[in-house]
Structures are given as structure tokens and as C-alpha cells.
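Visitor: sequence and predicted model, in that order:
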Amino acid sequence: MNNYLLIPFLPLAAFLINILLGRNFLKEKAHWVSILAVAGSWVVAVMTLVDTMAGKTINQDLYSWIVSGNFKVSVGFLIDQLTVVMLIVVTTCSTLIHIYSVGYMHGDKGYYRFFAYLSLFTFCMLMLVMANNFLQLYFGWEGVGLCSYFLIGYYFDKKSASDAGKKAFIVNRFGDFGFGIGIFMIFLTFGTIYYEPVFAQAGGFANNTVNFLGYDVHLMTLIALLLFCGSVGKSAQMPLHVWLPDAMEGPTPVSALIHAATMVTAGVFLVARCSPIFSLSETALMVVALTGAITSLFAATIGLVQNDIKRIIAYSTISQLGYMFLACGVGAYSAGVFHLYTHAFFKALLFLCAGSVMHAMAGELNLQKMGGLKKYMPVTYLTMLLASLSIAGVPGFAGFFSKDEILWLAYSGPSPVGKLVWAIGTVVAFLTAFYSFRLIFLTFHGKFRGTHEQEHHLHESPKVMTIPLILLCVGAIASGWVGIPHLLGGGAHFTEFMKPVLGHPEGHGTHSEEWMVMAVSVIAGFSGIGLAALFYLVRTDIPVKLAAGLSGVHKLLFNKYYVDEFYSFLIVRPAIWTAKNILIGITDAKIIEAIVNGVPKAIGGFSQVIRKVQTGFLQHYATIMATGILIIIALMLLR
Amino acid sequence: MVPLNWYLMLSATVFMIGVFGFLTRKNIIIMFMSVELMLNGVNISLVAFSHYLQDLRGQILVFFIITVAAAEAAIGLAIIIALFRNKSTAHVDEMNEMKG
Amino acid sequence: MPFVMPDLRPVLPEIVMTVLALAILLADLVIKRKETIAFLSIVGVALVTYVLPGSMGTTFNGMFLSDGYSMFFKLIFMLNVILTVLISVKYIVIEKVNFGEYYALILFSTLGMMLMASAGDLIVLYLGLELMALSTYILAGFIRYDIKSNEAAMKYFLLGAFASAFLLYGTSMIYGLTGTTDLKAISAYIVANGLSGNPVLMLSMILFAVAFSFKIAAVPFHMWAPDAYEGAPTSITAFMSVGPKAAGFAVLGRVFLIAFGSVKLEWSAVLVPIAILTMGVGNIVALSQTNIKRMLAYSSIAHAGYILLGIIAGTSDGMASVLTYMLIYAFMNIGAFAVVIMLRSEGFKGDNITDYEGLSKTHPLAAALMLVFMFSLTGIPPTAGFMGKFYVFMSAINAGYTWVVIIAVMFSAISAYFYLRVVMYMYMKEPKETVQLSTSPAIGLALAITVIAVLFIGISPSTVVNLARAAVSGF
């Protein structure tokens, strides 16, 4: 059964149709092609899910592009439990967001272009998750990066948008550089770039070391960390997180699809996919866990004080991605993927709700200018509230189950940093609940704080936008129910399902400990919500006072720990200074200029000289031929 | 009996005369005749080899070469006539419309 | 001694081709519409292609070999004829040389190439080579009233005759040394008598290298190529840049790998500098060309340099990569020439690179096709040109010529400059005057075939590569 091929190729076809015919023929109808294509992909993905649940996995090459010796480049697909979960996440979110975009992007002059890119993105993302080799993974990886760049800079006439696009692209270069070297190392080590033989042989290299920059380094640690470099960039972990908040310059559906639900989770997917490699290196896992934990704490604290509605959600995304890495780092890959899966629904929903609010507020993003929107847009309010309950980890909602599983496995797992990251995770759970509800209360409760004109304009979004919200809301609530732990009488089906790919995480602990962990996280969540209610509903003067009293801390958080400024100081400005003074002044003018202009010039000049040999006189040609023969004979005699 | 080397030296000499004629003479027809001289130089050596090896292939090849040379002469002269009609000269240095 | 009929099955394609060419020559007397003759030629060539697969075998005492190797080359020749005829139909009307002999000569020339590819003996090789060359000389000067065409024919003819004299001298040397003209017997004699390093053998090997380098237009024996390509009718330029070159590679591979197989070390020492010079001169001089036919002439010189790497590698993978490259080159080069031909119209030469300015605005489809062919000639994936280069370079690396490949890649990077300049003219400049395209269904068909092949081989090269590997397996 090869109909799984339709999953990536339907969106590709939609992209081609839109890009070729969109401008002149489809125009305002461009969305039909894309929506039907991704919806088709979704249907096939669900069918594939059914097959996979019956235990059928696929690993086959579609066709080989290049075969030369043991080097082989081919397009091949691996569909196992991990892939199928990603397929469901990607196609579901993509379909709903495509539909939502019909309302959101209505009347935009690049309408067809938007849908074309969105479909292209879906194609690349699907190729990424369905790859059965690292090169195809890399292709998809760069493809989604490119689409992200296009879509962040979608409003290219706006300078901040095109700057943000460039920033995302450049920051990702850093990570992808390591990732690329990692793949190269894999090819050098295993002589192949296919998952199956690589993972099968990985164990045999567990104790190998390799000389790297003069040090003997544990081979698997090196490979794992190089791959993780890519993850850090793509999933916006510290220290490469700076691009994601700026990426919010793109249209909101893009933020929802690419910068929340799918692309940014590719890093987590990569770690989970390469779990056989990561598991061989305790150091690498520890790095992953700590990076995740620190990032999630760091981003959550920034989220506390931001006023830009989309940026808060962006920091929340970074924080939640940190959570997923935290899970992978303690060896609980399936829990990480579980969180990826639930997160996709509630985070996409949060973004779409934010988009809905922006739609009503005519593009206003500042929380301080909102308030009381509840009565104008009830559907948006309700769905966003439910999404926030989910992310806050309120029992029964999707976020609760995945978060709880991560915290429990961190606490009980064998990782040496398990307890530490558990503690951080719990704190983050509290912070998450707080900022999520701060956003809800500031936006939807209280009195409207914007202008009269804006108030007059307030309205609920059209059906084409609210229906995706409702559908995603169902996911935000119910998607976690497939992973209810044994403790609560569930079957932990998700973990069981993933077991063939990701193994079974080991947790050593008593039931009472498990209850304790769950209780602590629930308490953290509720107290976060409660505190937010206190601050922003009851005693609205406290936050102001607090900000004044702790002005240092507030300023630090408000300015996002000055990371951007730090980079600007440490990298960007020196780079620009060097560029201006040394590169342009000396290197460029004297050296690069000489090379870039000089080499073509020299070759061009050389060309002009050599072509003079071609005089047009027949006998010159014959003489050159005869001379050539003589020279060759002379050379042979001299040998 | 004439030794093989003498034939070969004659052959090489005729061939080289052809080469030098081709490189130095400016009239296209004479250049073409120089090429014929080169071919005849080859023919001499082939016949000589054939005789000394007691093998007929060499002479057969000579027949083919003479035949091909005849065809070549026909085509060469046709090209030269076409050229002469347009240029009114058979001087090779006049022919450099194309260069570089 | 009773008369024994030789086995004619292996030469059946050649016999059919001969009959076809003669029939076309006769048909020209009675048929007034020359398009019909073009059509008949294509049908005839299709018939030749049809009998091709059944012709496996050796005949005339090993003088004529019909194996996978020759068959693959014949496939390229057939393709070359069909595509050339398709792009000629309208063009020779515009050039006012719409004569039936045109097609007959193309067929005779192809017959010569077929004999070359199948030659197991130096005599057959020589006859095939001359049949091909003589027909091509006439074709190059086919526009009788055009001084450039005359000059092209004259230069090609005289230098060609000059070069074949060297080939004959080499043949004579090797005949005197080994007493035979049969390629396998030569090889056996060299091995049996331990002749490697023998000066006469070396001299004859060098002379062969020179003569074949002339046919494939390798530096410094390439001097005829730019002038002949520029002056010849464009359709014939396309024909010459593929057919004789492929035939040259066919005999180069056959003679050097079979007859001189045991002195590979010596001949590779000759061919490596030739290959490097060829790539260098071809790519560098192409930079400063303003005439697109001349630019493509230098480009074709450069490509000969790349293909030589496959011969130098000397392995069966190397030979397979040569076959692959030649096939790909046939598609992309004739495709590019087809676009060049379309620009030629009544009273408009259209062979300057500046004529392509703004073509994307006036004729987007033609510009897009040219873009594909230029990308392919540059070797940008996913076009076929990339695959050709990839396999040739890979085989050279595997044979231990990494340093030559590095040089080749550098020159290949330079080549992007002049190919993409055409693209730049088409897409980034404003049209100065509206160029009239002379299209016809035939040329449309040729373009469709070439562009589909270029993209298909680029995306899925395994079919062609496997075919080529199978072709050289019995070599």
C-alpha cells in the first residue's frame, strides 16, 4: 500500500499549482487547492495511523537518486509510531490553520503566495518527519527553515518583518552548521546515512573515541551533541532562542503552524528519532536535559512581564519546548513526544486565538490596551481559556497528562540531574500557569483600555476562523486522554504505542511518590492561576507596585535578560564594526575586492589573452596542432 | 634487397614535407595537395610493412586510403569552389571572418 | 576455397542505414516537399533503432563488433539524428538551403559514426571516421552563399584531413610494429612481447591520441571547433557537437582501453594534461564570447574535457560514466541549440548573447527552456547535467585522480559564469527589441523531448546509469 506517498505529495502539488497558476487564475480561490490537499493528507495520515496501530510499519526507498559505491542518496520513507504521531500533528494543525487563514488573510494582496508557501512548508515538514535517512531529513530541515524565512518576512515591505526573517535564518545557520557536521560524522562513522543501519550499529561504537581538535572525544557524545546543535537552533533553545520571539512578525497563522505546533518541534523530533545515539551518551543526555530545563525556566520568567500578546505565547513556546528537551534528556523520549503532541494543539489554539483577538483589535498586540473582550468575542474567549487551562496543567486537560508524565519520569528516572530538572520543571509549571492567565485576564476581563475607535470595531471573528478554534480546542482538551497514566486508572496507551521506537522509560518510585509529584505540579498550576487572578482581577495595583519595588528584576525580565543586547554587543556590533572597518576598509577593499573582482577580472583578462590565440588563420591552428604533437612527443621522450 | 628502414625514412620524409607544406603554403589548393602528400607518405610505409610482414592488410588499407583521398579531393575542391565564388581568392589568410 | 557468407546480423542496423540514406538521396529526386523527406528520415532512423537490439554479435573476423558499448553509442547517434532533423526542418527553409541531400548527408555521417562505434579493426575505424567526417564537412558548408559557412567548412575540412593523416601514420606505425590492425590482436601482441615503453608504440599511441582529440575537440587540437561551430548552419552545429564527439569518444575508449589497455600508465600521462587544458581553455575562453554559438562551441570543448576524465579513469565505471555523460550531453546541448535556432528568423541572425535580453518577458516559455538547459550545462541539480558530472567525477576519484577532479570542479565553477550570464540576460534585463521566434511543431517536439529528458534524468538517473553500466559490462 503506497498511498502514504500522498501525504507529502498532495501539499507539494498544491504548492506547484498555486505558485504557477495562483497569480493569474486562482487569485481569491487559491485556498481551495491548498486546503483540499492538506485535508487529503490528513485523511491519508489517519489511515496510516490505523495501519500503524495494527503494527504495520513501513521503511522503503521510493527511488534512488544517486548510487555510487556505498554512497547512496535516495528518497525513502520510514513510517513508524514516531512518524505517524508527527504526521497526525502536522496534518491536523496544518489543515485547521489553512482553513483559519482563509478568514485571517482575507483580502491580502499576496493571498495565493501565502497559501503556496504554507503548502510548501507542509510538504517540507512532512518530508522531514517521514525521511528514512539523514540527508532527506536535512533536506526537509532546510526546507522548513526556508519556508519559515519566507513566511516571517511575508510582509516584506515592513522592515521589522524582513529583519526578523533574516535573524531567524542567520541564527539557525549556527545550529545547522553543527547539524551538518553531525550528519557528516555519521556518514564517516557508519558509512551510511540511513537510520536503520546507523541505529543498529550505534551500539557497536559506544566506546569509541575520536580525535577532535586535539582532544579524544567520546564519539557518540560528539555526534549526539552536533545533532543537538541543530535542535537548539530549530527549536529555539538557549542560547539560540532569540529568533523565535522576533519571528512573530509573520502572519499569526504562520506563528501558529510553524513557530508553535510543527517546525520548532522538529528539534525534539530529531532527538527522539536519534534516541539510539543519544542514549549511548550520558553526557549528551545531561546537556539536553539541562539545556531544556534552563531554557524553560528562563523563557517562562521573561513571559511573566511581556505585554505583546504574541510574544508572550512565543516565550511560552520556547519554555514548553524546553520541557520537551528536558523529557528527552532524562531518557523519557516518549513523554517528550507526548508533550510535543498535546502542545501542538493547545499552542496552535493559543496563537489562533491571539490572531482572532488581533483581528478584532485591528492589529493591536499590546495587552495593556485590551481588556474586557470577553463579551465581544465569546468563542475566542472560551477556547483560549480552555487552551490556557490545558497549558497550565489543570487535571483532565491534555497538558496535564503530558506535563505530569515528564515531571514524574524526571523525578523517578535514572538521570543524575533528574531531581534538579524536576524541581525546575515544577517551578516552570507555576510560572506557566501564571503568565498564561495573566494574558487571559488582561485581555478578556476587566474594562477595555484601548481607544473608542477600537472598541467600536470589536467583533467576533467569522466562522471560518472560529470553527478551527473549536476543533483545536477539542484537541487541546482531549488529546491527552490517550496517555492517561496507570496511576489514574488509564492505560498509558501513548507510551505503549511508542515503545517499539522510543523504548520504555524507566521510572523507579512508589505510588505515593507518584501521587506527590502529581499533587505538587497541580498545586503549582493552580497557585499560578490563583496568583494571576489576584494580581490582575482583584488587586490590580499589586503588579504595578511590584514592578516599581523590584524595578531591577522587572527591567531585567522585561528586557529579556538583555540577551539580544548581549548578542548585539558581543557578536552583532563587533561583527558590524569589523565588517565596516576591517572588512570593508581593509580586507574587502584590498583582499576580498581583489579576489571577488580580481579573480573574474583576471580570468576575464586571461580569457581575452587566450582567445587571441584563436586568430582565425588556418595555418596558425595547424601550427598549434603540430606544436602540440611535438610537445607531447618531447614529454614522452623525457619521461 | 632494399631494407625496410629506407622505405620508412622515405615515408617519414614525404610525410614531413607534407606537414611543412601544409604549414607554410598559403594557397588552399596547395595546402590540400600537401595533405595528399602526407597520405602518400603513410601509403609508402604501409606498403613497405605489408611487403616485409608478408601480410595483405597494409595494402588493403592503402587502397582504402587512396579511395578516401579521392572522395576527399572531390569534397575539398567543391568547398574551395564555393569559397572562391564568394571570395574570389584561394589565399588562406583572407579567410578569417571568424576568430577569437 | 568456398565462398562463405559472413554473418550479417550484427551489421543489420548499418545495412538498413545505408539503404535508408541511399533511398533518401533517391527520394529527393521525386519528392518536392522536403518536410516529407525529413519525416521519412525519422521513420527510417526509428527502423534502424528498432533493429538495433537484435544485432548483438561479432562478424567479419572480429573487424565489426556489435556489443552493448557500441549499441549505447548508436542509441546516442540515433537520438542525435532524430533531434537534429526535428530542429532542422524549419531552419533550413529560413536559411534557404532546403535540399533533400541535407538529410541524406546527415544519415551518411551517422552511418560513419555507427561504423566507428563498432570498429574492431583500425581499417574499419578509419573508413567510418572518414565517412562521418566527409559528410560533416559538406554539411558545415551547406549554406553555399554564406561566406562564414564556406569558411567553416574549409577550416574544418583542411584541419580534419590534416588530423586524419596523423591517424593514418599512427595506424601504419602500429601495423608495422604488431603486424595487425585488429584491436584485440594488437593488445595481445603488446602484452605477449612486453612492448610497453617501446618508442614506436608510444609514437603511434600519441598520434592516435592526437587524431581522436581532434574529433572530440580537445585542446590543443580544438582550434577548428569554434570557427566551424560558428560558421556552420546552427542545426549542423548541434549535430556536430554531439555526433562526431560521441563517435570520437567511442573510438577513443575502444582503442585506448582495448588495444592500448596494457600501457594505460603511458596514455593517461598524455590524456591528463590534455583533459586539464581542455577544461581550462574551453571554460576560460567561453567567458569572453559574445556569440552564443561560439560560446556553446567553447562549452562543448570544456565538456569534452570533463568526459575525458571518465576515459582516464579507465575503469568500467568510468566508461559507464562516459556513456551516461554523452547521452545527457546530447539532450542538453541539442536542447540549447534548439532554442538558439528558434531565435533565427528571416532577416534576424539571433546568435548574439545580447539578443537574449529580456527573453523571459517576451517569450517566457523559451526563456524557461533555455534556463533549464543552461542550468544543466552548468551542472546544477536536479538537472541531468549534474548527474553527468557527478558520475564522471566520482569514477575519476575512485580511480585515484582526485586532484584532477578538484581542478575540474574549479573550472566547472567558472563555467557557471558564462552559462548563467545567458540566464541573467534573459531574466534580469529589459527586452530591447521584440525577438520573433520561429517555432514549428517539429522543433516543439524536439524541445519537449530534450527538456523532459534533462529533467527526468536529473531526478531519476538510475535508469540511464544502469543502462550504461550494463552496456559496458561486456566491454
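Guide: Here it is on my side, so go on.
Visitor: got the residues of chain A near chain C?
Guide: A:63-69, A:600, A:603-604, A:606-608, A:610-611, A:614, A:616, A:618, A:620-622, A:624-625, A:627-629, A:632-633, A:635-637, A:639 (C-beta under 8 Å from any C-beta of the partner chain). In this view, the C-beta of every residue, glycine as well, is placed from N, C-alpha and C.
Visitor: let's go with 6 Å and repeat that
Guide: Neighbours of chain C within chain A, by C-beta under 6 Å from any C-beta of the partner chain: A:63-64, A:68, A:603-604, A:606-608, A:610-611, A:618, A:621-622, A:624-625, A:628-629, A:632-633, A:636.
Visitor: buried stuff in the top helix by length along chain C?
Guide: Using DSSP state H to define each element, chain C has its longest helix at helix C:147-178. Across helix C:147-178, burial judged by 16 or more other C-beta atoms under 10 Å in any protein chain shown covers C:147-178.
Visitor: and if you look at stretch A:304-313?
Guide: A:304, A:305, A:306, A:309, A:310, A:311, A:312, A:313.
Visitor: need those in a markdown table (columns: distance to chain B, secondary structure and pLDDT).
Guide: As requested, those are exported to a markdown table (distance: C-beta to the nearest C-beta, whole Å; DSSP: H, G, I helix; E, B strand; the rest coil; pLDDT from 0 to 100):
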| residue | distance to chain B | secondary structure | pLDDT |
| --- | --- | --- | --- |
| A:304 | 72 | coil | 80 |
| A:305 | 71 | coil | 80 |
| A:306 | 67 | coil | 81 |
| A:309 | 66 | helix | 83 |
| A:310 | 61 | helix | 84 |
| A:311 | 62 | helix | 85 |
| A:312 | 67 | helix | 86 |
| A:313 | 65 | helix | 86 |
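Visitor: so what pLDDT did residue 69 get?
Guide: As the question left the chain open, I've gone with chain A. Looking at residue A:69, its pLDDT is 67.
Visitor: actually chain C
Guide: Residue-level pLDDT assigned to residue C:69 equals 93.
Visitor: ok, now how distant is the closest residue to it other than its chain neighbours from chain B?
Guide: In space, residue C:69 comes closest to residue C:475 once its chain neighbours are excluded; the distance is 5.0 Å by C-beta to C-beta, 6 or more residues apart in numbering or on different chains. To chain B, residue C:475 is 25 Å away according to C-beta to the nearest C-beta, to the nearest Å.
Visitor: and if you look at residue A:116?
Guide: Relative to chain B, and taking C-beta to the nearest C-beta, residue A:116 is found at 46 Å.
Visitor: excluding sequence neighbours, find me the nearest residue to that residue.
Guide: In space, residue A:116 is closest to residue A:18, 3.7 Å off (C-beta to C-beta, 6+ apart).
Visitor: what is the neighbour count of that neighbour?
Guide: As a burial measure, residue A:18 scores 28 neighbours (other C-beta atoms under 10 Å in any protein chain shown).
Visitor: that one contacts residue A:31, doesn't it?
Guide: No - using C-beta atoms under 6 Å, residue A:18 makes no contact with residue A:31, being 9.1 Å away.
Visitor: overlap in contacts, these two.
Guide: residue A:115 (C-beta atoms under 6 Å, 6 or more residues apart in numbering or on different chains).
Visitor: tell me how far stretch C:379-390 is from the chain's mean position?
Guide: 18 Å (C-alpha atoms, centre = their mean, to the nearest Å).
Visitor: quick check: residue A:211 is in a helix.
Guide: No - Residue A:211: not assigned to a helix; according to DSSP: H, G, I helix; E, B strand; the rest coil it is strand.
Visitor: what about residue A:547, which helix or strand?
Guide: Taking DSSP states H and E as the definition, residue A:547 sits inside helix A:541-549.
Visitor: downstream of that helix, the next helix or strand is which one?
Guide: Assigned by DSSP H and E, the successor of helix A:541-549 is helix A:551-558.
Visitor: contacts for the next helix or strand after that following helix?
Guide: Downstream of helix A:551-558, the first helix or strand assigned by DSSP H and E is helix A:563-567. Contact with helix A:563-567 is made by residue A:242, as judged by C-beta under 6 Å, 6+ apart.
Visitor: show me what the mean pLDDT comes to for helix A:563-567.
Guide: 73.
Visitor: how far out from the middle of the chain is that helix?
Guide: That offset, for helix A:563-567, works out to 21 Å (C-alpha atoms, centre = their mean).
Visitor: buried sites along that helix?
Guide: Of the residues in helix A:563-567, those buried (16+ other C-beta under 10 Å) are residue A:567.
Visitor: only C-alpha atoms, please: export it in PDB.
Guide: Taking Å, rounded to 0.1, in the frame of the first residue of the first chain, the C-alpha atoms of helix A:563-567 are listed here in PDB:
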ATOM      1  CA  VAL A 563      20.200  38.600  25.600                       C
ATOM      2  CA  ASP A 564      19.600  40.400  22.400                       C
ATOM      3  CA  GLU A 565      21.600  43.300  23.700                       C
ATOM      4  CA  PHE A 566      24.300  41.000  24.800                       C
ATOM      5  CA  TYR A 567      24.500  39.400  21.400                       C
END
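Visitor: got a pLDDT number for residue C:42?
Guide: 95.
Visitor: might you report the residue contacts of residue 100?
Guide: Since no chain was named, I'll use chain A. Residue A:100 touches A:253, A:352, A:465, A:468, counting by C-beta under 6 Å, 6+ apart.
Visitor: let's do chain C instead
Guide: C:28, C:34, C:37 are the contacts of residue C:100 under C-beta under 6 Å, 6+ apart.
Visitor: so the last one is in contact with residue C:103, correct?
Guide: Going back to what we said before, that points to residue C:37. Yes - using C-beta under 6 Å, residue C:37 is in contact with residue C:103, at 5.3 Å.
Visitor: what is the longest helix along chain A packed up against?
Guide: Longest helix in chain A, counting residues (DSSP H): helix A:159-190. Applying 3 or more C-beta pairs under 6 Å, 6 or more residues apart in numbering or on different chains; DSSP states H and E, one finds that helix A:159-190 contacts helix A:134-152, helix A:195-202, helix A:219-234, helix A:243-246.
Visitor: now those helices as JSON lines including mean pLDDT?
Guide: Below are the helices and strands packed on helix A:159-190 laid out as JSON lines (pLDDT from 0 to 100):
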{"stretch": "helix A:134-152", "mean pLDDT": "85"}
{"stretch": "helix A:195-202", "mean pLDDT": "82"}
{"stretch": "helix A:219-234", "mean pLDDT": "86"}
{"stretch": "helix A:243-246", "mean pLDDT": "81"}
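Visitor: now those in TSV, with mean neighbour count and distance to residue C:261?
Guide: Output for the helices and strands packed on helix A:159-190, formatted as TSV (neighbours: other C-beta atoms under 10 Å in any protein chain shown; distance: least, C-beta to C-beta, whole Å):
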stretch	mean neighbour count	distance to residue C:261
helix A:134-152	23	37
helix A:195-202	17	38
helix A:219-234	25	44
helix A:243-246	24	59
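Visitor: who in chain B is up against chain C?
Guide: B:22, B:35, B:38-39, B:42, B:45-46, B:49, B:53, B:55, B:57-58, B:61, B:68, B:71, B:75-76, B:79, B:82-83, B:86, B:95, B:97-98.
Visitor: show me which of those are buried.
Guide: Buried, going by 16+ other C-beta under 10 Å: B:22, B:35, B:38-39, B:42, B:45-46, B:49, B:53, B:57-58, B:61, B:68, B:75-76, B:79, B:82-83, B:95, B:97-98, out of those.
Visitor: those residues in helices, which ones?
Guide: Using DSSP H, those in helices are B:22, B:35, B:38-39, B:42, B:45-46, B:49, B:53, B:57-58, B:61, B:68, B:75-76, B:79, B:82-83.
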